[in-house]
Every structure is written in C-alpha cells, then in structure tokens.
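In: pasting the sequence and the predicted coordinates here, then a few questions.
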Amino acid sequence: MADNPMKDKMAQMHEAMAYLRKKYPTETQAFSYFFKKAESGPALSIREKELINVALAVASQCEWCIGSHVRSAAHAGATRDEIVEAGFMAVIMHGGPALMYMTPLVQALDLYLPEEDGEV
C-alpha cells in the first residue's frame, strides 16, 4: 500500500490528544485514570481486551479508535487473523455499516502488522 491513510489518522489523533492534554489536563487525566483502571482487571489478558476494543471500535465506527486498538492489539501479540475476526464480530452485531469500517481496520493492520511475504 503506497500511502496508508491510517498513518494520517494516527497523526491527527496524537496531535489532538497533545492539545487536549495541554489545554484540558484535568479532563484528560481523569479519562486516562479511568482507562487504566478499566483495563487493569486480571480476568482477561491485554490481548483479549484489545481484541474486544477492536470490535467495539469497528461497531462504534471510530477510525481513530480502530487504528489505536489495532496497534495495541498487535503490540499485545494478536495476529492479523485474530484482529480481523474481532472486527467481524462487530459486523455480526452492527451489520453493513460496521462492514465498511473493516476498511480502516485493514489499513491499520497494514500499518502496524504488515503481512509477511507469501501471505494472502
């Protein structure tokens, strides 16, 4: 893929978050605290939680969330197939509109977990 649009989405997200952290530190710190607490439970692994987050991001139709959680799932050891399957769970529950958000999911996969040579 020549120019991956997900790269720009992630840059936009990082820029917006830097602005919000600077201008609204109380709100962003409160969200960050909640985020860390919500993800700190021991029953599910980080990989499993990130796969759930991928599915929720697709269902929520949030391209920035899809990119962020695909990156986190890849870093947590999820495979391309696991991430795509998580996305399809969203499609089951959310239908055709969620299917269209498999596009940014594939873009994020190509950015953070590129296919090995020979993979289809």
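Out: That came through fine. Numbers count the residues shown, from 1 in each chain.
In: apart from its chain neighbours, what residue comes closest to Cys10?
Out: For residue 10 the amino acid is Met, not Cys. Using C-beta to C-beta, 6 or more residues apart in numbering and skipping the chain neighbours, the partner closest in space to Met10 is Gly67 (5.1 Å). Quick note: C-beta positions are derived from backbone N, CA and C, even for glycine.
In: I'd say that neighbour and Asn4 touch.
Out: No: when contacts are counted by C-beta atoms under 8 Å, Gly67 is not listed as touching Asn4 (9.9 Å).
In: next, give phi and psi for the spatially most central residue of the chain.
Out: Closest residue to the average C-alpha location of the chain: His69 at 2.2 Å, with C-alpha atoms, centre = their mean. Phi and psi for His69, reported as degrees, to the nearest 10, are phi -80, psi -30.
In: wait, it touches Asn53, no?
Out: Yes: His69 is in contact with Asn53 according to C-beta under 8 Å; the separation is 4.1 Å.
In: alright, calling it a day.
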